[in-house]
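[1] Need the 3D shape of this:
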Amino acid sequence: MNILQRLNNEMADVVDGVHQALVQIHNGQRGIGAGTIWHEQGLILTNAHVVEGRGRSGHLSVTLFDGREFEARIIESDPTHDIAPLMITADNLPTIEPGDSRGLNAGEWVFAVGHPWGIVNAVTSGIVIGLHPPPELQLPNEDWIAVDLHMRPGFSGGPLVDRHGRLVGINTLITGPNVGYAVPVHVVKKFLKENIGSTVA
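    Numbers count the residues shown, from 1 in each chain. Below you'll find the model as predicted:
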């Protein structure tokens, strides 16, 4: 097996593991959004903008990788950081090992996983541009992961992982044809600790 074949197989294994912790979010009105299982006891992360338009019924459901569907409730919603943790009644769920988002460097390879345009379990890859907030948007002066990859609507709320398959961010927004941003995992941990408690952060 040559080096390209080995690399291809390794990347396929990384993506397969990440898919297990990727969920579909349905709001009873519009299309499919993405979410990331954070805790095996049913805690799921997505973006605030993914769940804000739930429809008049307020219905929100989550479909797991294995096809099981659960009613979900919003625990918190922070439009400033665009984070919304959800809870479903399930346990022993697959999660993604957290990575070191503070240690990311420009040029590192990353993968974004989600459901663009309703295409379930899609993957795109590219490199880290840097850690900074989008200059054209008025967002908190905290770290954001800028990435150069083909992110599209439907990736929001899904995981951004490094080449080892470790979670480094939650996909959030697009500011250009090949420029996307993700909330770094260390910002997510801080948010969860302050709003839910240290047991899940």
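[2] Name the next helix or strand following the helix or strand bottoming out on mean pLDDT in the chain along the chain.
    Within the chain, no helix or strand scores below helix 3-19, which has a mean of 72 by mean pLDDT, DSSP states H and E. Per DSSP states H and E, helix 3-19 leads on to strand 22-26 as the next helix or strand towards the C-terminus.
[3] can you pull out the strands in the chain?
    Under the criterion DSSP state E, the chain contains strands at 22-26, 32-39, 43-46, 61-63, 69-71, 73-74, 84-87, 109-114, 122-131, 145-148, 159-162, 167-176, 179-184.
[4] Pick the most deeply packed of those strands.
    strand 159-162 (a mean of 27; mean count of other Cβ atoms under 10 Å). C-beta coordinates here come from the backbone N, C-alpha and C atoms, glycine included.
[5] Going by contacts, tell me the helices and strands next to it.
    Contacts defined by 3 or more Cβ pairs under 8 Å, 6 or more residues apart in numbering; DSSP states H and E place strand 159-162 against helix 3-19, strand 109-114, strand 167-176.
[6] just checking, Glu142 touches Val187?
    Yes - counting by Cβ atoms under 8 Å, Glu142 does reach Val187; the two are 5.8 Å apart.
[7] Would you mind giving the domain segments of the chain?
    Taking automatic domain parsing as the reference, the chain has its domains at 16-95, 101-189.
[8] ok so, going back, and Glu142 and Val187? Which one has more around it.
    Per other Cβ atoms under 10 Å, whichever of Glu142 and Val187 has more neighbours is Val187, with 21 against 15.
[9] I figured the more buried one was touching Thr80, is that so?
    No - Val187 lies out of contact with Thr80 (Cβ under 8 Å); the separation is 11.0 Å.
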